[in-house]
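S.K.: Sequence and predicted model, in that order:
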Amino acid sequence: MTRVAILGARGHRALAAVWRRVRELPDGTTLVLQQDGDVAAVAALAARQRGLAVETDPLPYLAGVDRVEAFPWDGDPALARAVDAAREAGLDVRMHPARSLSEEALLVFSARVSFAGPGRLQITRRGDGCDPMGLPFAPSEALLDRALAARGQADRLREAAAELRGRQLDLGETRADVEARELRAAALAEEAEQIEAETWAGYAPRYRAEMRVSYGLARGTPAWARQAPEARALAEEAWERGVRPRPEAWRRLLTAPFRVICCFCTDERRCHRAILRAEILPALGAVDGGEVPAR
């Protein structure tokens with residue numbers, strides 16, 4: 001088992017390089033991290049995605065380490081001293097200096113609301129932990145209500161299907177009766193999936209339109225008029241649902257070093273956090289760090 005120490009300068013902003021490096025490490029690697037700092041936080045997230053073990057110790061913590069991966073920034077003296085100590089101890093030290101300003105882009109992850117680590121930003125419209133800083137990235141009340149109503153309908157159908165499948169065999173039931181019950185359960189489950197698929201097909205483009213408005217697209221501007229007819233219709237709907245430009249919130253998010261955007265949905269494939277993380281923010285220069293699995 002290889003033990004790799006990740007050393008990061010305070011204020012280090014090229015966090016996508018840290019994430020990528022940890023993602024490249026061999027299976028079975030154990031990371032040894034500093035107790036705080038963005039480099040350690042991002043390395044821990046990447047390790048969680050990979051299923052790598054993590055140890056957190058205060059400096060100096062190089063005893064028993066096989067290699068050091070160092071991420072310098074702006075001549076940080078503490079990092080320089082740690083690197084010198086590692087080299088004096090005969091350790092393999094690999095330096096990863098930032099090479100361009102583009103490496104300072106926001107690194108964005110997503111997770112369920114149970115995530116409680118550094119960089120957390122809850123982007124729900126309501127519910128426990130609703131964060132005013134995340135509201136500009138949440139769906140509108142009307143869009144959310146429509147989606148939740150459909151999800152509730154699908155959940156009830158799945159519960160009915162599960163009840164049918166779990167029902168004990170009654171006296172007098174024939175094989176044909178059991179097969180008919182199974183067919184009914186399968187039909188209910190299929191109907192639930194169809195409801196969710198159709199709902200998502202309508203929800204996703206409307207959420208994207210809401211985010212275009214939230215980012216800064218305003219009714220009555222030349223940019224509004226230049227939209228394709230279908231996009232303008234969706235933007236009109238978003239405006240009528242009460243969505244308004246919040247460019248300052250987007251600037252604040254995009255200039256952050258990293259964030260973990262969180263929502264209640266159990267399936268991130270049909271959740272607005274996936275659209276924001278994997279589509280919208282990368283189009284604005286961010287780096288998609290992927291979903292962080294629950295523990």
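M.R.: That came through, no problem.

S.K.: Going by C-alpha atoms from here, please, whenever you check contacts or count neighbours.
M.R.: OK.

S.K.: Show residues contacting stretch 135-146.
M.R.: 123-125, 203, 206-207, 210-211, 214, 241-243, 246, 249, 272, 276 (C-alpha atoms under 8 Å, 6 or more residues apart in numbering).

S.K.: Would you mark the buried spots in that stretch?
M.R.: 135-140, 143-144 (16 or more other C-alpha atoms under 10 Å).

S.K.: so how far is the first residue of it from its last?
M.R.: This stretch, stretch 135-146, spans 18 Å end to end (C-alpha to C-alpha, to the nearest Å).

S.K.: does the residue nearest the centre of the chain sit in a helix, a strand or a coil?
M.R.: What sits nearest the mean C-alpha location of the chain, by C-alpha atoms, centre = their mean, is Ser110, with 1.1 Å. Following DSSP: H, G, I helix; E, B strand; the rest coil, the label given to Ser110 is strand.

S.K.: Now do the contacts for it.
M.R.: Ser110 neighbours (C-alpha under 8 Å, 6+ apart): 260-262, 273-274, 277, 289-292.

S.K.: From the residues you listed, list just the buried residues.
M.R.: For the contacts of Ser110, buried by 16+ other C-alpha under 10 Å: 260-262, 273-274, 277, 289-292.

S.K.: Going by contacts, tell me the helices and strands next to the longest helix seen in the chain.
M.R.: Longest helix in the chain, counting residues (DSSP state H): helix 175-215. Here helix 175-215 touches helix 141-166, helix 229-240, helix 247-254, helix 272-275, going by 3 or more C-alpha pairs under 8 Å, 6 or more residues apart in numbering; DSSP states H and E.

S.K.: next structured bit after the shortest one?
M.R.: Remark: after helix 272-275, the chain's next helix or strand is helix 281-283, criterion DSSP states H and E.

S.K.: Counting by contacts, list what that following helix packs against.
M.R.: strand 287-291.

S.K.: What strands flank the strand it packs on, and is each parallel or antiparallel?
M.R.: strand 107-112 (parallel) (DSSP bridges).

S.K.: What's the separation between the residue of the chain positioned farthest from its centre and Val178?
M.R.: Centroid-distance maximum for the chain: Gly172 at 52.1 Å, with C-alpha atoms, centre = their mean. Distance, Gly172 to Val178, by C-alpha to C-alpha: 11 Å.

S.K.: Equivalent analysis for Arg112, please.
M.R.: Where Val178 is concerned, Arg112 sits at a distance of 38 Å (C-alpha to C-alpha).

S.K.: And for Ala294?
M.R.: For Ala294, the distance to Val178 - C-alpha to C-alpha - is 38 Å.

S.K.: more neighbours, those two?
M.R.: Val178 (17 against 11; other C-alpha atoms under 10 Å).

S.K.: That one: what's it in contact with?
M.R.: Val178 sits next to Leu169 when contact means C-alpha under 8 Å, 6+ apart.

S.K.: again, 7 Å this time
M.R.: By C-alpha atoms under 7 Å, 6 or more residues apart in numbering, the contact list for Val178 is empty.

S.K.: Same question for Val18.
M.R.: 39, 42-43.

S.K.: ok, it to Ala197 distance?
M.R.: 36 Å.

S.K.: where does Leu31 land in three-state SS?
M.R.: strand.

S.K.: Next, count neighbours for it.
M.R.: 25.

S.K.: how about it, what does it touch?
M.R.: The neighbours of Leu31, taking C-alpha under 7 Å, 6+ apart as the test, are 3-6, 53-55.

S.K.: So in terms of bridging, what pairs with it?
M.R.: Bridge pairing for Leu31 - DSSP bridges - gives Val4, Val54.

S.K.: Spell out the secondary structure type for the residue farthest from the centre of the chain.
M.R.: Gly172 - assigned by three-state DSSP - is coil.

S.K.: Phi, psi for it please.
M.R.: With angles defined as degrees, to the nearest 10, Gly172 sits at phi 90, psi -10.
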